[in-house]
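Colleague: Predicted structure and sequence below. I'll ask about it afterward.
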Amino acid sequence: MRNVLGIDVGGTFTDFVAYNPRTKEVKVWKELSTPGDPVMGIISGLSQHPDISRVDNLRVGTTVATNALLERKGATVAYVTTRGFRDVPFIQRGNRKFHYDMSWVKPKPLVLRRHCFEINERIDAYGKVVIPLDDADVLRVAAEIRAIPEIEAVAVCLLFSYLNPTHELRVRDIFAEALPHHSLSISYHVLPKWKEYERASTTIADAYLKPIVSKQLKMMRGRLDDVEVHAPAAIIKSNGGEMSLEAASEAPSEMVLSGPTGGVIASRFVAEQLDISHLVTIDMGGTSTDVSTVIDKKESFTTAFEIEWGVPIQVPMIDIRSIGAGGGSIAWIDKGGMMRVGPQSAGAKPGPACYGRGGGEPTVTDANLVLGRINPNNFLGGRMKLDVGAARQVVGGIAGQLGQSIEETALAIARIVDNNMVGALRSVLIERGFDPRDFTLCAFGGATPLHVSALLREMGIPRGIVPVHPAQFSAYGFIMTNARVDRQRTTQFISTKFDAARANAIMHDLVSESIADLKAQGYDKGIEIHRALEMRYLGQNYELELPLKVDKLTNSNIGAVWDNFHKTHKARFGFSTPGEIIEIVNFTVTAVARTAKPALSKLKSTTAKPRPRENRRVWFVGGPVVAPVYDRADLRAGQRIKGPALIEEQASVTVLEPGYHVRVHPQGHLLIDQGK
C-alpha cells in the first residue's frame, strides 16, 4: 500500500485525503479553490500535509476538461472526414429537445463549418476499400489546415474506419509529419464504434480538449515540481480508473467527469463493507449536486453522456447526473413572484454572504446558517468564521419581497433545494424503473448531510448513510480507485451466422490493447479482464450489454449467450422473443489493475449514551426545536441518537429531523433510519 494523497478540485473547495499505510491514519482537509487557477488550490492545500515528502502517489480529480466543454473554451478544431460527409456534425439527429417549441435551435458542434475538410476516399459497410486513399489529397488538406493559423487541433473521422482503420491510420501518419505542431485525434483510437454522428462528435470533443488539457497538466506537473512535490501524479478518469498525466493528455475525452467519480467509487467500497446491494448516491457540494447508483455493489456505467442536449461524448464513464444545486446556489424571485433556487451559484468568490468575501445574494448555506443548522464558529473546524448577521440580511432581503419572516424564507430555500435534489434522484431511480424502497441513500459532499433526512422523507427511501469524511468523500474515493482501461469496437454478427473464430480475434485484439495500455502506465501484475457484448434483436435501435462469463466463444457455449440475452431482455423490458434473430453490435473489454486498498482503523464500541456538546435552537418544518448537538469525533461504534439532533464535524453537519435515528457503524459511518 502506497502513501497516497487524493485531491478533488471542486468549484468552491479543493478537498484532500491523505492515507498513511503504516499508521492507518486518514487525514482530511479542505482549501478554497481559486477560480481560473485550479492548481493554486492544490498548491495551497499541500502545505497542510504532515509530510509531503513521503507521499508516493497523487491522485487528482479535475474539472479542466469539464469546464472547457461547458464554457466552450477549448481549442479551434479542424474536422477531416470522407468526401460528402462534412455536414454530419451539423445535421446531428432528427429528434428535438422541445417538440412544440418552434424557436428552439439545435446546439452548435464544437467545430466551425469553414474548418471542415473532405478527403476523397471510401470504405464500405463491410470494411472493403471502394475508393483508395490518395496521399497527395491528404497533403492538400494538411496544407489548407496549416494556412489557417487559429487551428490548433485536428479531428479525423473517416467513414467505416471502425471496421477497417487502414485509411485513417495513414492519414494520422501523414498529418503527424505535415502538421507537427497540431494536436491530432482519430476516431479509431477515440471511439471505434458505429453511429457516425456520435463517433464524429466524440472525436471532435477529444481534439477540442487536447491542447487545453495538455497545457494544464504540463503546468500542474511543473508547479508541483517547483514546490518540491515530485511524487507521480495520476488523473482520475470518467470511468473511475486512474491514468498518468501523459496518458490523460493523449485521451482528454476520458476525463470529462473526472471529479464526481470518486464519491461513487467510495460508495461502492462502503456497499461492500456494509453488505448493501443497492445504493443511490448524492453529492451536494458548493456549486452542483451529482447523483448516481451502485447496483449489486457495482457502479453504473454509461456511454450516453452529452455536453449539451444532442452533443454526445460516448466514452465509457460512471453514470452520473448533475444539477445546479449546491451550498452556494442563489435564491431569487422570478417574474411571476415565485422563489427559485439555483442553478446560479455564488461559487468560491465571492461565495455565500456569510463567508464575508463580498457575496450579496442569499444562498442555501446562508439559509442553513439562519436555521441554526450550521455553527458559525465551527465551519471548517473553526478555521473559517461565518457571519450570521450577513446571512440574515441577505435572506431578509428576499423575505421582504415574499412577506415572510427570515426563518420562514430560509426554510423555504432549504425545501426548494431539497425538491430540486429529489428531481435528480427520481431521474436515476423511478425514471429507470427502480423502486426507491429497495435502495439505501449514501449522502456525501459538504452540504448533503444537512439535507439527508428531508431527502429520505421526500423520496420514501427507508435507509441512509452519511459515510466517514463526507465533505471530502470524492477525494476519499480516489485513494481507493483502481487503474482501469475500457476498449470498445463495433463488429456485427447475427445469431444465425455466428463466426466464433472472428469474434474471438476481435476480443483478443481488445484485450491486448487494454493490457498494453495498463502496462504503459506501470501496471503489469494482477490485471483482471472483463468481457461483454452489446446485443439486440435484429432491427431494434437499442442494445443491451451482457457480461461474458467465458474467455472464448465456441459453437458449444454461444447458445447460453443467446439464452441469457432473451432472459435479460425480458427482465429489462418485460418481454422476450425466443427464436428471433439476435444481433451482436459491439464488443467491450475492461481491464482492471487493482490497487491496494487502505486498511482503516475501527472505532471503539460502547453501550454508553452519547453526550451532546450543547443544545441549539434549530428550525424544522414544524417550527423551531431546541436540539442537542453532538461532535461526530466523540461518537463510538454502537451508539444511537434520536432526532431532532445535529451531528457536527469539521466540514459538514448531519441534520436529523424528528422521527429519524442514527446508529454509529464500527467503521464510523452514520446509519440513518426511522427506528422502531
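Modeller: Ah, there it is. Predicted model, so just to flag it, every value in this text is computed and none were measured.

Colleague: Please identify the helix or strand for A65.
Modeller: Following DSSP states H and E, one finds A65 within helix 64-70.

Colleague: and that helix, which residues are buried?
Modeller: Going by neighbour count (16 or more other C-beta atoms under 10 Å), the buried part of helix 64-70 is 64-66, 68-69. No exception for glycine: its C-beta is placed from N, CA and C like everyone else's.

Colleague: Dump those to JSON lines, plus distance to G324 and pLDDT.
Modeller: As requested, the buried residues of helix 64-70 are exported to JSON lines (distance: C-beta to C-beta, whole Å; pLDDT from 0 to 100):
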{"residue": "V64", "distance to G324": "20", "pLDDT": "83"}
{"residue": "A65", "distance to G324": "19", "pLDDT": "87"}
{"residue": "T66", "distance to G324": "14", "pLDDT": "82"}
{"residue": "A68", "distance to G324": "18", "pLDDT": "86"}
{"residue": "L69", "distance to G324": "16", "pLDDT": "87"}
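
Colleague: between those, which is nearest G351?
Modeller: When the buried residues of helix 64-70 are compared for distance to G351 (C-beta to C-beta), T66 wins out at 20.4 Å.

Colleague: Could you tell me how far the longest helix along the chain lies from the centre of the chain?
Modeller: Longest among the helix segments of the chain by residue count, using DSSP state H, is helix 196-226. Here the centre of helix 196-226 is set off from its chain's centre by 17 Å, with C-alpha atoms, centre = their mean, to the nearest Å.

Colleague: can you start the count at 875 instead of 1 from here on
Modeller: Sure thing, new numbering starts at 875, so read that last one as helix 1070-1100.

Colleague: which neighbours does the following helix or strand past it have in its sheet, and in what orientation?
Modeller: Downstream of helix 1070-1100, the first helix or strand assigned by DSSP H and E is strand 1107-1110. Sheet pairing here is set by DSSP bridges, and for strand 1107-1110 it gives strand 931-935 (parallel), strand 1116-1118 (antiparallel).

Colleague: rank the ones you listed by mean pLDDT and give me the bottom one.
Modeller: When the strands paired with strand 1107-1110 are compared on average pLDDT, strand 1116-1118 comes out lowest at a mean of 87.

Colleague: ok, residues contacting whichever helix or strand comes after it?
Modeller: Sequence order places helix 1119-1124 as the next helix or strand after strand 1116-1118, per DSSP H and E. Under the criterion C-beta atoms under 8 Å, 6 or more residues apart in numbering, residues 1084, 1087-1088, 1091-1092, 1094-1095, 1107-1109, 1111, 1128-1129, 1391, 1394-1395 lie in contact with helix 1119-1124.

Colleague: rerun that using 7 Å as the cut-off
Modeller: By C-beta atoms under 7 Å, 6 or more residues apart in numbering, the residues outside helix 1119-1124 that reach it are 1087-1088, 1091, 1095, 1107, 1109, 1129, 1395.

Colleague: swap in stretch 885-895?
Modeller: Contacts with stretch 885-895, where a contact means C-beta under 7 Å, 6+ apart, come from 875, 877-882, 900-907, 915-916, 919, 923, 1159-1161, 1202, 1221-1222, 1225, 1343, 1345-1346, 1348-1350, 1353, 1472.

Colleague: Any of those residues buried? List them.
Modeller: Buried members of the contacts of stretch 885-895, scored by 16+ other C-beta under 10 Å, are 877-882, 900, 902-907, 915-916, 919, 923, 1159-1161, 1202, 1221-1222, 1225, 1343, 1345-1346, 1348-1350, 1353, 1472.

Colleague: from what I can see G1351 touches P1134, true?
Modeller: No. In this structure G1351 lies outside contact range of P1134 using C-beta atoms under 7 Å: 9.7 Å.

Colleague: circling back to that earlier point, can you redo the buried residues of helix 938-944 as TSV with distance to P1484?
Modeller: What follows is these, written out as TSV (distance: C-beta to C-beta, whole Å):
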residue	distance to P1484
V938	43
A939	44
T940	40
A942	47
L943	46
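
Colleague: Which one of the residues you listed is nearest to V1269?
Modeller: Using C-beta to C-beta, T940 comes nearest to V1269 of the buried residues of helix 938-944, at 30.8 Å.

Colleague: got a pLDDT number for the residue nearest to that closest one when sequence neighbours are not counted?
Modeller: Nearest residue to T940 in three dimensions, chain neighbours excluded: V1130, at 5.9 Å (C-beta to C-beta, 6 or more residues apart in numbering). With respect to pLDDT, V1130 scores 88.

Colleague: give me every residue that touches V1130.
Modeller: The contact partners of V1130, by C-beta under 7 Å, 6+ apart, come to 939-940, 943, 1112, 1179, 1187, 1191.

Colleague: again, but for R960
Modeller: By C-beta under 7 Å, 6+ apart, the neighbours of R960 are 990, 992.

Colleague: what about the helices in the stretch 925-1074 of the chain?
Modeller: 938-944, 962-965, 1009-1020, 1040-1052, 1061-1064, 1070-1100 (DSSP state H, counting those that start in this stretch).

Colleague: Pick out the shakiest of these, pLDDT-wise.
Modeller: Ranked by mean pLDDT, the helices of the stretch 925-1074 of the chain bottom out at helix 938-944, with a mean of 83.

Colleague: just the CA coordinates of that helix, formatted as CSV?
Modeller: What follows is helix 938-944, C-alpha atoms only, in CSV (Å, rounded to 0.1, in the frame of the first residue of the first chain):
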residue,chain,number,x,y,z
VAL,A,938,-10.3,21.1,-16.5
ALA,A,939,-12.0,19.1,-19.3
THR,A,940,-15.5,19.6,-17.9
ASN,A,941,-15.1,23.4,-17.7
ALA,A,942,-13.6,23.7,-21.1
LEU,A,943,-16.6,21.9,-22.6
LEU,A,944,-19.3,23.6,-20.6
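
Colleague: neighbouring contacts of that helix?
Modeller: Counting by C-beta under 7 Å, 6+ apart, 912, 948, 1079, 1083, 1086-1087, 1090, 1126, 1129-1132, 1181 sit against helix 938-944.

Colleague: How far off centre is it?
Modeller: Its chain's C-alpha centre and that of helix 938-944 lie 13 Å apart, by C-alpha atoms, centre = their mean.

Colleague: same question, stretch 1532-1550
Modeller: With C-alpha atoms, centre = their mean, you get 28 Å for stretch 1532-1550.

Colleague: what does stretch 891-903 give?
Modeller: Chain-centre distance of stretch 891-903: 24 Å, with C-alpha atoms, centre = their mean.

Colleague: next one: stretch 1243-1252
Modeller: Relative to the centre of its chain, stretch 1243-1252 is centred 30 Å away, using C-alpha atoms, centre = their mean.

Colleague: what mean pLDDT would you report for that stretch?
Modeller: Across stretch 1243-1252, the per-residue pLDDT values average to 94.
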